[in-house]
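Colleague: Just the structure for this:
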Amino acid sequence: MKILVVSDSHQHLEKLIDIFEKENPDIVISAGDNSSDVIDLSNIKEKADYYIVRGNCDYFDFKTDDIEEFNIAGKKIFLTHGHLYDVKSGYEKIKNEALKKQADIVIFGHTHIPYLNNETPVLFNPGAAKDGNYGTIDISGDEIKFYHKKL
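Modeller: This is a model prediction of the structure:
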(Lines give C-alpha, C1' and ligand atoms only; values in the text may rest on other atoms or scores of the structure.)
Protein backbone atom coordinates (compact mmCIF):
# COMPACT_ATOMS: atom_id res chain seq x y z
CA MET A 1 0.00 0.00 0.00
CA LYS A 2 1.33 3.43 -0.92
CA ILE A 3 0.37 6.51 1.07
CA LEU A 4 1.07 10.01 -0.22
CA VAL A 5 1.68 12.60 2.52
CA VAL A 6 1.45 16.31 1.73
CA SER A 7 1.23 19.59 3.59
CA ASP A 8 1.46 23.31 2.96
CA SER A 9 0.48 23.43 -0.71
CA HIS A 10 -0.54 27.11 -0.36
CA GLN A 11 -2.65 27.28 -3.54
CA HIS A 12 -0.37 25.15 -5.71
CA LEU A 13 -2.94 22.56 -6.79
CA GLU A 14 -0.97 21.90 -9.97
CA LYS A 15 1.95 20.59 -7.90
CA LEU A 16 -0.38 18.29 -5.96
CA ILE A 17 -1.71 16.91 -9.24
CA ASP A 18 1.85 16.32 -10.52
CA ILE A 19 2.83 14.61 -7.25
CA PHE A 20 -0.30 12.42 -7.30
CA GLU A 21 0.31 11.38 -10.90
CA LYS A 22 3.96 10.58 -10.16
CA GLU A 23 3.16 8.43 -7.10
CA ASN A 24 -0.30 6.98 -7.91
CA PRO A 25 -1.14 6.42 -4.21
CA ASP A 26 -3.85 4.35 -2.57
CA ILE A 27 -4.28 6.92 0.21
CA VAL A 28 -3.58 10.66 0.45
CA ILE A 29 -2.95 12.27 3.84
CA SER A 30 -2.86 16.07 4.02
CA ALA A 31 -1.62 18.02 7.05
CA GLY A 32 -3.27 21.29 6.01
CA ASP A 33 -2.48 24.76 4.73
CA ASN A 34 -4.57 24.91 1.88
CA SER A 35 -6.88 22.08 2.71
CA SER A 36 -9.03 23.30 -0.21
CA ASP A 37 -6.23 22.27 -2.61
CA VAL A 38 -6.42 18.67 -1.41
CA ILE A 39 -10.22 18.74 -1.38
CA ASP A 40 -10.03 19.85 -5.03
CA LEU A 41 -7.49 17.09 -5.70
CA SER A 42 -9.90 14.54 -4.21
CA ASN A 43 -12.52 15.64 -6.74
CA ILE A 44 -10.04 15.34 -9.63
CA LYS A 45 -8.30 12.13 -8.51
CA GLU A 46 -11.15 10.20 -6.90
CA LYS A 47 -9.60 6.72 -6.79
CA ALA A 48 -7.63 7.29 -3.55
CA ASP A 49 -8.90 7.57 0.01
CA TYR A 50 -8.27 10.97 1.62
CA TYR A 51 -7.55 12.15 5.17
CA ILE A 52 -7.37 15.94 5.48
CA VAL A 53 -6.97 18.44 8.32
CA ARG A 54 -6.96 22.20 8.16
CA GLY A 55 -4.00 24.38 9.07
CA ASN A 56 -3.50 27.87 10.40
CA CYS A 57 -3.95 29.39 6.90
CA ASP A 58 -7.26 27.60 6.23
CA TYR A 59 -9.36 30.53 7.39
CA PHE A 60 -12.51 29.65 5.45
CA ASP A 61 -12.48 25.86 5.86
CA PHE A 62 -15.30 25.27 8.32
CA LYS A 63 -15.85 21.61 7.33
CA THR A 64 -12.40 20.11 7.96
CA ASP A 65 -11.21 19.36 11.50
CA ASP A 66 -7.93 20.45 13.10
CA ILE A 67 -7.14 16.89 14.19
CA GLU A 68 -7.89 13.46 12.77
CA GLU A 69 -7.14 10.09 14.31
CA PHE A 70 -7.47 6.93 12.24
CA ASN A 71 -5.97 3.48 11.73
CA ILE A 72 -4.16 2.18 8.68
CA ALA A 73 -2.66 -1.30 8.59
CA GLY A 74 -3.05 -1.65 12.35
CA LYS A 75 -1.20 1.61 13.11
CA LYS A 76 -2.91 4.51 14.87
CA ILE A 77 -2.21 7.77 13.06
CA PHE A 78 -2.53 11.21 14.63
CA LEU A 79 -2.85 13.88 11.91
CA THR A 80 -2.65 17.62 12.62
CA HIS A 81 -1.10 20.67 10.98
CA GLY A 82 1.21 21.31 13.92
CA HIS A 83 0.53 24.96 14.76
CA LEU A 84 -1.64 23.95 17.73
CA TYR A 85 1.43 22.20 19.17
CA ASP A 86 3.96 24.96 18.43
CA VAL A 87 6.10 22.69 16.23
CA LYS A 88 8.16 25.64 14.99
CA SER A 89 9.64 25.76 18.50
CA GLY A 90 10.21 22.01 18.85
CA TYR A 91 8.46 18.67 18.81
CA GLU A 92 7.95 17.89 22.51
CA LYS A 93 4.33 19.13 22.66
CA ILE A 94 3.20 17.17 19.61
CA LYS A 95 5.11 14.07 20.75
CA ASN A 96 3.53 14.25 24.21
CA GLU A 97 0.07 14.61 22.69
CA ALA A 98 0.72 11.60 20.48
CA LEU A 99 1.80 9.58 23.51
CA LYS A 100 -1.44 10.55 25.32
CA LYS A 101 -3.42 9.44 22.27
CA GLN A 102 -1.36 6.24 22.03
CA ALA A 103 -0.58 7.04 18.40
CA ASP A 104 2.02 5.07 16.48
CA ILE A 105 2.57 7.74 13.83
CA VAL A 106 2.22 11.54 13.91
CA ILE A 107 1.86 13.38 10.61
CA PHE A 108 2.16 17.16 10.64
CA GLY A 109 3.32 20.14 8.60
CA HIS A 110 3.52 23.87 9.38
CA THR A 111 7.34 24.20 9.46
CA HIS A 112 7.73 23.57 5.69
CA ILE A 113 10.79 21.47 6.60
CA PRO A 114 10.87 17.71 5.93
CA TYR A 115 11.37 15.81 9.18
CA LEU A 116 11.41 12.16 10.25
CA ASN A 117 12.02 10.73 13.71
CA ASN A 118 11.62 6.94 13.69
CA GLU A 119 11.27 6.60 17.47
CA THR A 120 7.87 5.67 18.86
CA PRO A 121 5.74 7.53 18.03
CA VAL A 122 7.13 8.19 14.57
CA LEU A 123 7.07 11.93 13.75
CA PHE A 124 6.75 12.66 10.01
CA ASN A 125 6.58 16.02 8.27
CA PRO A 126 6.61 15.84 4.45
CA GLY A 127 7.76 19.44 3.98
CA ALA A 128 5.93 22.03 1.88
CA ALA A 129 4.22 20.81 -1.29
CA LYS A 130 4.39 24.39 -2.60
CA ASP A 131 8.16 23.80 -2.84
CA GLY A 132 7.70 20.37 -4.45
CA ASN A 133 8.36 18.47 -1.20
CA TYR A 134 6.20 15.55 -0.13
CA GLY A 135 6.43 12.19 1.56
CA THR A 136 5.36 8.63 0.97
CA ILE A 137 4.73 5.80 3.34
CA ASP A 138 4.99 2.28 1.97
CA ILE A 139 3.33 -0.50 3.91
CA SER A 140 4.07 -4.11 3.08
CA GLY A 141 2.88 -6.60 5.68
CA ASP A 142 4.33 -5.49 9.02
CA GLU A 143 7.00 -3.33 7.38
CA ILE A 144 6.45 0.46 7.17
CA LYS A 145 8.92 2.71 5.35
CA PHE A 146 8.89 6.51 5.29
CA TYR A 147 10.38 8.53 2.44
CA HIS A 148 10.92 12.22 1.75
CA LYS A 149 10.68 13.09 -1.93
CA LYS A 150 10.80 16.12 -4.20
CA LEU A 151 9.20 16.79 -7.59
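Colleague: From here on, just use CA atoms for contacts and neighbour counts.
Modeller: Will do.
Colleague: Sketch out the helices for the chain, chain order is fine.
Modeller: 13-23, 35-44, 92-101 (DSSP state H).
Colleague: deepest of these, which one?
Modeller: helix 35-44 (a mean of 18; mean count of other C-alpha atoms under 10 Å).
Colleague: what's the angle between that one and helix 13-23?
Modeller: 50 degrees (axes from the mean of the first three to the mean of the last three C-alpha atoms, to 10 degrees).
Colleague: oh, and call the first residue 21 from now on, that's how I've got it
Modeller: In the new numbering, first residue 21, that becomes helix 55-64.
Colleague: got the contact list for helix 55-64?
Modeller: Identification of contacts with helix 55-64 by C-alpha atoms under 8 Å, 6 or more residues apart in numbering yields 29-33, 36-37, 50, 68, 70, 72-75, 78, 81, 84.
Colleague: Check stretch 124-141 too.
Modeller: By C-alpha under 8 Å, 6+ apart, stretch 124-141 touches 27-28, 51-53, 75, 95-103, 107-108, 115, 118-119, 123, 142-148, 153-154, 166, 168.
Colleague: quick one: average pLDDT of it?
Modeller: Mean pLDDT, computed over stretch 124-141, is 96.
Colleague: and if you look at stretch 27-35?
Modeller: Rounded mean pLDDT across stretch 27-35 is 96.
Colleague: Who's the closest spatial neighbour of Lys115, skipping the chain neighbours?
Modeller: Of all residues not flanking Lys115 in the chain, Pro141 sits nearest, at 7.1 Å (C-alpha to C-alpha, 6 or more residues apart in numbering).
Colleague: Any of the contacts of stretch 124-141 buried? List them.
Modeller: Among those, the ones that count as buried by 16 or more other C-alpha atoms under 10 Å are 27-28, 51-53, 75, 96-103, 107, 115, 118, 123, 142-148, 153-154, 166, 168.
Colleague: thinking again about what came up before, look up phi and psi at the residue nearest to Lys115.
Modeller: phi -80, psi 150 (degrees, to the nearest 10).
Colleague: how many neighbours does it have?
Modeller: Neighbourhood size, Pro141 [other C-alpha atoms under 10 Å]: 19.
Colleague: so how far is Gly102 from the residue of the chain positioned farthest from its centre?
Modeller: No residue in the chain sits farther from the centre than Gly161, which is 21.4 Å out by C-alpha atoms, centre = their mean. With the distance defined as C-alpha to C-alpha, to the nearest Å, Gly161 ends up 29 Å from Gly102.
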